[in-house]
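Student: quick one: sequence and predicted model below, then my questions.
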Amino acid sequence: MSSERGASPASPLDPRASATLIRQRLLRLLGSALGLTLLTVLVILVVIGLLVGIVFREGVPPFPNHISRLRDYYAANDTWVGAQSEFDSRFTNWVLIGTDGRVYAAGTNYPGPLGEPLERIDNLEIHVPLRVDGVVVGELVTFGGISSFNDLAIDVLGQVGLVFMILFVILAFFAGLVAYQLARRYVDPLADVIAAAQLVAGGRLSARAPVRGTGDLRVLNDSFNHMADALERSDRERRELLADVAHELRTPLSIVQGRLEGMVDGIYDLTPESIAPALEETYLLERLVEDLRTLTLAESGTLRFDTQPIQIADVARRVVGVFQAPAAEHGVSLHLEAAEPAPTVEADPIRMEQIIGNLVDNGLRYTPAGGRVELSVFAVDGHVHLSIADTGPGVPEAEVARIFDRFWRGEKSRARVAGGAGLGLAIVRQLVEAQGGATRASLRSEGGLVITVAFPRSRTLPESKPAS
């Protein structure tokens, strides 16, 4: 593990510990919500108490139905005699007084007899006149000071408080049920992702989060696992790239070192023939370094392109002309077939020449003497295709998808003795994709490999015939 990863301050977490921490935070949040609800209930009760006090102190009857019942009694009987049966027992400190000043109905706390004048008139506080057809026929009054108000206020607040307490208990029950469901359906899957993220941050790129939960959480777990796969693959490719570069540099450097040491020790004479092998290896090193530079710039998106309308067929003809002599030297026939009129694409002509050159060079390297390498340029569905087919031994079917990887070579048919460093097709893919194109490889039924690159057809210039 690198020192960079070792310096990471993040420490792996147990998924169960993560789930416990999240549950505790969730419970604290719900507890705060319930506490706020209880506080709100208390405030409401206090406000109701104040309102009840204002109502009583202003002389407004808190029970209109009771007042209405008493009025109906008088309207029906034209007297208050017998009104005690209509008097609400909750009004313990209230009395009903007629126009003659006598008490005709009273609460249980009234000490005097009915039908007699009210003796404790000095302690009366609230007077509620009773009218029938607009005429005052009596009044309801309290006695005994503030205790009357307290009795009714306590009664009202007690009932309201009971209702709110029942609602609070129900709310607490449902809050607990919601907390349990949240912990089961959301907290545990989220804790898995947190724990896996901590492991990945600590350098364990193989860590994955179990895919569970529903909806967005399942998508989150899948996305995290895809991200971890990409990180692990990138790390593996980086390590493989370093190993491959070291391997490719070792052989030419060993040859150059051996030649130079041989000259110093007098084994080889200092002649052009002795220096030539070392010089050839320096050329190989130069090509390898330049290929690596081109590939790195293309992968990072910093490679510059001089894009313009070009005809792939014209570029292919120039490349085929350059490779005709090497092809003849190896006993391989090289042919180009281009559609008429020649289709046009938007691309960098220099990079396009490099793409086609790498493809032709790849085909010639692995095609035995007497074989053929055929190039075809044609337009299909708004795209221009360049196809290169050879009659070589091909590659194993399972390895076709890997031929565009850096430093890839088949173990048998594409060994190092036949090919280069294994960067040509990787460069082709990066240069094509950087210009909006696509690459594809397949095996021929009669043997050999077919590589096709496709570019969007240009719309800026009309099609023209190739120059003769």
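Tutor: Arrived safely, thanks for sending.
Student: from here on, contacts and neighbour counts on C-alpha atoms
Tutor: Will do.
Student: pLDDT weak spots in the stretch 251-400 of the chain?
Tutor: By pLDDT under 70, the stretch 251-400 of the chain has no low-scoring segment.
Student: all helices of it, in order?
Tutor: Secondary structure of the stretch 251-400 of the chain by DSSP state H, counting those that start in this stretch: the helices cover 272-300, 312-329, 349-365.
Student: same deal with the stretch 51-200 of the chain?
Tutor: 64-77, 147-182, 188-201.
Student: helices or strands up against the last one?
Tutor: With contacts defined as 3 or more C-alpha pairs under 8 Å, 6 or more residues apart in numbering; DSSP states H and E, helix 188-201 has these neighbours: helix 15-57, helix 216-264.
Student: show me what stretch 429-444 is in contact with.
Tutor: 295, 298-299, 301, 347, 351, 355, 389, 394-395, 397, 400-401, 404, 449-456 (C-alpha atoms under 8 Å, 6 or more residues apart in numbering).
Student: so for it, what's the average pLDDT?
Tutor: The average pLDDT within stretch 429-444 is 90.
Student: neighbouring contacts of stretch 92-112?
Tutor: With C-alpha under 8 Å, 6+ apart as the criterion, stretch 92-112 contacts 80-84, 87-91, 113-118, 136-144, 147-148.
Student: let me see the mean pLDDT of it.
Tutor: Per-residue scores along stretch 92-112 average to 84.
Student: quick check: buried residues in that stretch?
Tutor: 92-98, 102-107, 110 (16 or more other C-alpha atoms under 10 Å).
Student: of all the residues you listed, which comes closest to residue 132?
Tutor: residue 98 (12.6 Å; C-alpha to C-alpha).
Student: quick one: the closest one from residue 141, how far?
Tutor: For residue 98, the distance to residue 141 equals 11 Å [C-alpha to C-alpha, to the nearest Å].
Student: and the gap between the residue nearest to the spatial centre of the chain and residue 440?
Tutor: Nearest residue to the geometric centre of the chain (C-alpha atoms, centre = their mean): residue 220, 5.7 Å. Using C-alpha to C-alpha, one gets 32 Å for the distance from residue 220 to residue 440.
Student: ok, residue 25 next?
Tutor: For residue 25, the distance to residue 440 - C-alpha to C-alpha - is 52 Å.
Student: and the two? which has more neighbours close in?
Tutor: A count of neighbours by other C-alpha atoms under 10 Å puts residue 440 above the other of residue 25 and residue 440, at 15 against 12.
Student: mean pLDDT lowest for which of the helices and strands packed on helix 188-201?
Tutor: Minimum mean pLDDT among the helices and strands packed on helix 188-201: helix 15-57, a mean of 67.
Student: restricted to strands, list the contacts of stretch 429-444.
Tutor: 347, 389, 449, 450, 451, 452, 453, 454, 455, 456 (DSSP state E).
Student: which two among those residues are spaced furthest apart?
Tutor: Largest pairwise distance in the ones in strands among the contacts of stretch 429-444, by C-alpha to C-alpha, is 25.2 Å, between 347 and 449.
Student: show me this structure divided up by domain.
Tutor: Following automatic domain parsing, the chain resolves into domains at 1-213, 232-300, 308-456.
Student: so which of those domains is nearest residue 224?
Tutor: domain 1-213 (7.4 Å).
Student: tell me the spacing between residue 456 and residue 356.
Tutor: 17 Å.
Student: neighbour count: the two, which is higher?
Tutor: Taking other C-alpha under 10 Å, residue 456 and residue 356 do not tie; residue 356 has more neighbours (24 against 20).
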